[in-house]
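Engineer: Whatever this is, show me its structure:
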Amino acid sequence: MPSDPLTSAPLASSEPGPIDAVIFDLDGVVVDSFGVMRQAFLIAYEEVVGEGEPPFEEYCRHLGRYFPDIMRIMGLPLALEEPFVRESYRLAGEVTVFPGVRELLAELASRGTGLAIATGKSGPRARSLLDRLDLLDHFDHVLGSDEVPRAKPAPDIVLRALELLRIPADRAVMVGDAVTDLASARGAGVRAVAAVWGEGDEAALLAERPDAVLRRPEDLLALLPVSADAY
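Structural biologist: The predicted structure follows:
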């Protein structure tokens, strides 16, 4: 693999052919929810823990994982989940879609590409947010971490997406903004693509040597060959 992943050449494959499915992480890839996430975490921490500086920077180092798993890793009370989710719902109107994402999804749909979300959020919360943003119908399946046996970085959520899409791993890619996304993709045998247009840790992503790095949503199109009967 090259030391500097490309954004302008088709992804390598042991069996050349079109990519039939794209699995996306949600936060930091499809939607810009970082500000809402920060507010929700600070409010939840003040309610449950109270004293001290909320360790939001440490929390960010674990993004991509299921919220209860992050709490266990950080040694924080699981009781933070209730106010965090409550505030996330309350502030959902402040979440925006990254520029270029709607156009990317429309183009992929016009090619007949299967589309799924595999997120660290719970399934109901992810679907509620996508519905509010008028994006839910763009995806064939939306999966949350509460809907698989093991959350990311385990491969379960990507494997489940492939199962529902009825697509083999070598004909799919996973686009994520966290190291956990890349690990989940690789564990499922899916090519791992890093998205760096959000608030993710770019240096950490590059250190994992993803199969490709995207600086804009539309860069994904350059990586996916178009078959003659795509339109």
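
Engineer: does the nearest residue to R186 once chain neighbours are set aside count as helix, strand or coil?
Structural biologist: Here the nearest residue to R186 in space, its sequence neighbours aside, is A192; by C-beta to C-beta, 6 or more residues apart in numbering that works out to 5.4 Å. All C-beta spots, glycine's among them, are computed from the backbone N, C-alpha and C. Three-state assignment for A192 (DSSP: H, G, I helix; E, B strand; the rest coil): strand.

Engineer: which residues does A192 form a beta bridge with?
Structural biologist: M174 (DSSP bridges).

Engineer: Okay, the residue nearest in space to the middle of the chain and V158: tell me how far apart.
Structural biologist: Closest residue to the average C-alpha location of the chain: D25 at 1.3 Å, with C-alpha atoms, centre = their mean. Distance of D25 to V158, computed by C-beta to C-beta, to the nearest Å: 10 Å.

Engineer: Find the residues that touch each one of the two.
Structural biologist: Residues touching both D25 and V158 by C-beta atoms under 8 Å, 6 or more residues apart in numbering: A118, M174.

Engineer: on that earlier part again, list the contacts for the closest residue to the residue nearest to the centre of the chain other than its chain neighbours?
Structural biologist: Nearest residue to D25 in three dimensions, chain neighbours excluded: G176, at 3.9 Å (C-beta to C-beta, 6+ apart). Neighbouring residues of G176 by C-beta under 8 Å, 6+ apart: F24, D25, V29, G64, L182, S184, A185, A192, V193, A194, A195.

Engineer: Restricted to helices, list the residues you listed.
Structural biologist: Among the contacts of G176, DSSP state H puts L182, S184, A185 in helices.

Engineer: what bits of the chain have low per-residue confidence?
Structural biologist: Along the chain, the model assigns pLDDT under 70 to residues 1-17, 226-231.

Engineer: For it, which helix extends over the most residues?
Structural biologist: helix 34-48.

Engineer: So which bits of it are buried?
Structural biologist: For helix 34-48, burial by neighbour count (16 or more other C-beta atoms under 10 Å) applies to F34, V36, M37, A40, F41, I43, A44, Y45, V48.

Engineer: so after that helix, what's the next helix or strand?
Structural biologist: helix 56-60 (DSSP states H and E).

Engineer: what about stretch 60-70, how long is it end to end?
Structural biologist: Using C-alpha to C-alpha, to the nearest Å, the end-to-end distance of stretch 60-70 comes to 10 Å.

Engineer: In it, which residues are buried?
Structural biologist: C60, H62, L63, G64, R65, Y66, F67, D69, I70.

Engineer: if we look at it, which residues are touching it?
Structural biologist: Stretch 60-70 has contacts (C-beta under 8 Å, 6+ apart) with 25, 27-28, 59, 73-74, 78, 80-81, 84-85, 120-121, 145-146, 151-153, 176-181, 199-201.

Engineer: Mind listing what's buried along stretch 156-173?
Structural biologist: Neighbour-count burial for stretch 156-173 [16+ other C-beta under 10 Å]: 156-162, 165, 167, 169, 171-173.

Engineer: Fine, thanks again, bye for now.
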